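Student: Below is the structure, and that's it, no one-letter string:
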């Protein structure tokens, strides 16, 4: 059934995939094109950018004018700017440029036909309410060149192949040296250096202390350095590198990020010093609070421009650092991380897909151990900081491989092994409403955040605002009621519409199951977990574009910080940096990720249905409407990712 569904789905999408170009309109981290660099005219700094870069003949691209105030490098918004592009010596015809989804960037689409010298003319007609008569004109020469050599993606692929080969040889040698009983997975804890690493008292501090220092640097630079988010380390590091890249660690190694997390360190260290003996009140011991804060952060990103403000970024870091300390003062262990961290719920359900697990070897051995030092702590360990009892732990949601349980167990009753991708989603015996709802809401949230970056999004919002009562539009400023409409779309679509669609699918599935029906609520909770791979796929594909197209921009930012604030010289900042991979490669990887996780979603749903319904026919009938929804959400993701989008995170 899964094979037939997947085949039909792929055949239906082949025309769209063939036409998809994967371009992303504008590129905040793009390199300057002008041979003279930035040009200052009447108190404004004008710099040329492109996406992709460098410009090559026969390839569609965008040329952008980045306009900043020369005094404080603040972006200039809502200006009237025109841009012309032509080969050198030919007439220039500037056309109105469109301001992108971030502030102060104005773009036109171009398609160079030949290599060689070209010219760009930027015409500034109005900035910050000032009209220029005649308009200010900035001319800059640029060069269109052929792409040459291996790109960053090619070198990364080569390194990946070599790395996989080395790991395969090493794994084969370990297998030969360490005997594993037939039918059992290889226990990584039988490798001496891995066991020593996980049980070392110095592992976590060696990761946490440098990141705490880096967090302090982010806060200081966020408040005191240049307000231009594209050149401030606070925003570039936080949103382009960490926020976009951390999700890949969830898929590869589960919750391992929490080993190094500076907020987790503050929470745990404070709890050790204050030594409180009480748990967080029961109403807070669920995912609803963490889910609400994550949605609030996403809304703030879209509506308040968090990623474009170093100061707001620094304030957010300080707020959550203070919250982690405050919770540690009154509640034991890592209560903040377990229940209140804004990305804690996200990490938990995405970690269920990771192909690595730490488990107790035998529940009976655990039952015979009356001390339970793996959980309670003892002379050798502090006990599980995340309140997990290893004897019954069958999922990755809250285990971050700190090794305290391994250290505290006197019976050597733990195994660290690889397993099937996504196994927790169908094999775990614990399924709850808050996790199922979060899984479904993340599908809507990731789809709508992607849609908000489309060039046509503002037009759709404006059209929908026409449905507002006349007294609302006449009373409020357009920026206010347009923001309300956009917020309604984001929050209503992700928190209400998509969950209602899945709830309707659960109702249909329950009816189709006939005498084996579980009830609509239980059906929603059961199948909610099959949508984890769908939301994760969109999240991965979306962030992959940020990393590969904008990630290289961190290098000149670090060079600039080193020159200004340290005695070290790391070279002159080179803002002429190309994306780490061509857009065609990024588009291919996005499609591969989305389709691969769609197949995983079908696998999870099928296994869930066959385990929940004793009658195979009832299981197949109940699975059908949920598989249809998974297919529709995946198709929507592919369509959205194939559209021109603006880059937000690497201005």
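Tutor: The structure has been received and is ready for your questions. It should be emphasised that the depicted structure is a prediction, and the values quoted were computed from it without experimental measurement. Numbering: from 1, shown residues only.

Student: all contacts plus neighbour counts: C-alpha atoms, from now on.
Tutor: OK.

Student: Next, the contact list for the most centrally placed residue in the chain, please.
Tutor: Note on the chain: the residue nearest the mean C-alpha position is residue 244, at 4.2 Å, using Cα atoms, centre = their mean. Residue 244 is in contact with 543, 544, 546, 547, counting by Cα atoms under 8 Å, 6 or more residues apart in numbering.

Student: can you rerun that using 7 Å?
Tutor: Listed by Cα atoms under 7 Å, 6 or more residues apart in numbering, the contact set of residue 244 reads 543, 546, 547.

Student: just checking, what packs against the helix or strand containing residue 491?
Tutor: For residue 491, the element it lies in under DSSP states H and E is helix 478-492. Judged by 3 or more Cα pairs under 7 Å, 6 or more residues apart in numbering; DSSP states H and E, the packing partners of helix 478-492 are helix 457-465.

Student: Can you give me the buried ones in the helix it packs on?
Tutor: Within helix 457-465, the residues that count as buried by 16 or more other Cα atoms under 10 Å are 461, 465.

Student: how much does it deviate in direction from helix 478-492?
Tutor: 90 degrees (axes from the mean of the first three to the mean of the last three Cα atoms, to 10 degrees).

Student: pLDDT averaged over helix 457-465 - what is it?
Tutor: For helix 457-465, mean pLDDT is 82.

Student: Give the next helix or strand downstream of it.
Tutor: helix 470-475.

Student: what about the strand or helix carrying residue 501, distance to the chain center?
Tutor: Secondary structure assignment for residue 501, by DSSP H and E: helix 498-512. Centroid displacement of helix 498-512 relative to its chain, using Cα atoms, centre = their mean, to the nearest Å, is 28 Å.

Student: And the average pLDDT for that helix is what?
Tutor: pLDDT averaged over helix 498-512 gives 97.

Student: and that helix, what does it pack onto?
Tutor: Packed next to helix 498-512, using 3+ Cα pairs under 7 Å, 6+ apart, are helix 433-452, helix 520-528, helix 616-641.

Student: Just want the angle from it to helix 616-641.
Tutor: With the same axes, to 10 degrees applied, the angle from helix 498-512 to helix 616-641 works out at 160 degrees.

Student: Now helix 498-512: buried residues?
Tutor: Here helix 498-512 shows 498-499, 502-512 as buried, counting by 16+ other Cα under 10 Å.

Student: Pull the most distant pair out of those residues.
Tutor: Spanning the widest gap among these are 498 and 512, at 21.0 Å by Cα to Cα.

Student: Give me the neighbour count for residue 392.
Tutor: 13 (other Cα atoms under 10 Å).

Student: Next, work out how far apart it and residue 97 are.
Tutor: 60 Å (Cα to Cα, to the nearest Å).

Student: before we move on, what about residue 282?
Tutor: 54 Å.

Student: So for the two, which sits in the more crowded spot?
Tutor: Remark: of residue 282 and residue 97, residue 97 carries more neighbours, 22 against 7, as counted by other Cα under 10 Å.

Student: That one against residue 78, yeah?
Tutor: No. Using Cα atoms under 7 Å, residue 97 is not in contact with residue 78; the gap is 11.1 Å.

Student: thinking again about what came up before, in CSV: the helices and strands packed on helix 498-512, plus mean pLDDT and mean neighbour count.
Tutor: Listed next are the helices and strands packed on helix 498-512 as CSV, based on pLDDT from 0 to 100; neighbours: other Cα atoms under 10 Å:
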stretch, mean pLDDT, mean neighbour count
helix 433-452, 94, 23
helix 520-528, 97, 22
helix 616-641, 96, 21
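
Student: right, so of these, which gets closest to residue 270?
Tutor: Comparing these by Cα to Cα, helix 433-452 comes nearest, at 28.4 Å.

Student: Identify all contacting residues around that closest one.
Tutor: 287-288, 291, 457, 490, 493-495, 498-499, 525, 528-529, 531-532, 534-535, 538-539, 637, 640.

Student: what is the mean pLDDT for the top helix by length along the chain?
Tutor: What stands out as the longest helix in the chain, according to DSSP state H, is helix 583-612. The pLDDT scores in helix 583-612 average 94.

Student: Enumerate the positions of that helix that are buried.
Tutor: Buried residues in helix 583-612 (16+ other Cα under 10 Å): 583, 586-587, 590-591, 593-595, 597-610, 612.

Student: try stretch 108-116
Tutor: In stretch 108-116, counting by 16+ other Cα under 10 Å, buried: 108, 109, 110, 111, 112.

Student: ok, now stretch 407-414?
Tutor: Using 16+ other Cα under 10 Å as the test for burial, stretch 407-414 gives 407, 408, 409, 413, 414.

Student: what residues are up against the fourth one?
Tutor: Read that as residue 413. Per Cα under 7 Å, 6+ apart, neighbours of residue 413: 360, 361, 362.

Student: Let's see that with 10 Å instead.
Tutor: 359, 360, 361, 362, 363, 365, 366, 390, 391, 405, 406 (Cα atoms under 10 Å, 6 or more residues apart in numbering).

Student: possible to save those as CSV with distance to residue 172, neighbour count and pLDDT?
Tutor: Converted to CSV, the contacts of residue 413 look like this (distance: Cα to Cα, whole Å; neighbours: other Cα atoms under 10 Å; pLDDT from 0 to 100):
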residue, distance to residue 172, neighbour count, pLDDT
359, 23, 20, 94
360, 25, 21, 93
361, 23, 15, 91
362, 27, 14, 89
363, 30, 14, 86
365, 31, 13, 90
366, 32, 20, 88
390, 29, 23, 87
391, 31, 20, 87
405, 28, 28, 93
406, 25, 27, 93
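
Student: okay if I get the residues you listed as a markdown table plus secondary structure and distance to residue 216?
Tutor: A markdown table is the format used below for the contacts of residue 413 (DSSP: H, G, I helix; E, B strand; the rest coil; distance: Cα to Cα, whole Å):
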| residue | secondary structure | distance to residue 216 |
| --- | --- | --- |
| 359 | strand | 36 |
| 360 | strand | 38 |
| 361 | coil | 41 |
| 362 | coil | 44 |
| 363 | helix | 44 |
| 365 | helix | 45 |
| 366 | helix | 42 |
| 390 | helix | 35 |
| 391 | helix | 39 |
| 405 | helix | 31 |
| 406 | helix | 32 |
